[in-house]
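K.L.:
for reference, the sequence and a predicted model appear below.
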Amino acid sequence: MLEVLAKLRLHVESPVTLRATAAARELEALVTSWDGDGAPPDAMVAWASRFFADWDVGENGGLRED
C-alpha cells in the first residue's frame, strides 16, 4: 500500500500537476468574477491567451516545462 501511495505522490505532486492546479484556481477566480453577460473581461481573455500560448501539443499534451 505504501509503495502505491509513493507512486501516486509522484504524479500528484509533479510540477505539471501543481501548475495545472494553480491554473485551474486562477481560471476559477476569473470565471467567478464574471457575471456571464457580454464578452468575457479582458483579464480572462489575457489569462486564456497566456495559458494556450504555453500549451504543449507534443507527446505529453500538457503545459511546457520552461
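P.N.:
Received it, and whenever you're ready, just let me know what you need. Numbering: from 1, shown residues only.

K.L.:
tell me the first helix or strand C-terminal of the longest helix belonging to the chain.
P.N.:
Criterion DSSP state H: the longest helix present in the chain is helix 15-33. Downstream of helix 15-33, the first helix or strand assigned by DSSP states H and E is helix 42-53.

K.L.:
for stretch 29-37, which positions count as buried?
P.N.:
Buried residues in stretch 29-37, counted by 16 or more other CB atoms under 10 Å: residue 30. Placement of C-beta: from N, CA and C, glycine included.

K.L.:
could you pull up the mean pLDDT of that stretch?
P.N.:
Across stretch 29-37, pLDDT averages out at 90.

K.L.:
now do stretch 40-50
P.N.:
For stretch 40-50, mean pLDDT rounds to 91.

K.L.:
and it, what's buried?
P.N.:
Here stretch 40-50 shows 44, 47 as buried, counting by 16+ other CB under 10 Å.

K.L.:
alpha carbons only: can I get that stretch in CSV?
P.N.:
What follows is stretch 40-50, C-alpha atoms only, in CSV (Å, rounded to 0.1, in the frame of the first residue of the first chain):
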residue,chain,number,x,y,z
PRO,A,40,-15.5,38.0,-21.0
PRO,A,41,-13.4,40.5,-19.2
ASP,A,42,-10.0,41.5,-20.6
ALA,A,43,-8.3,39.8,-17.7
MET,A,44,-9.9,36.4,-18.6
VAL,A,45,-9.1,36.7,-22.3
ALA,A,46,-5.5,37.7,-21.4
TRP,A,47,-5.2,34.7,-19.0
ALA,A,48,-6.5,32.3,-21.6
SER,A,49,-4.2,33.7,-24.2
ARG,A,50,-1.2,33.2,-22.0
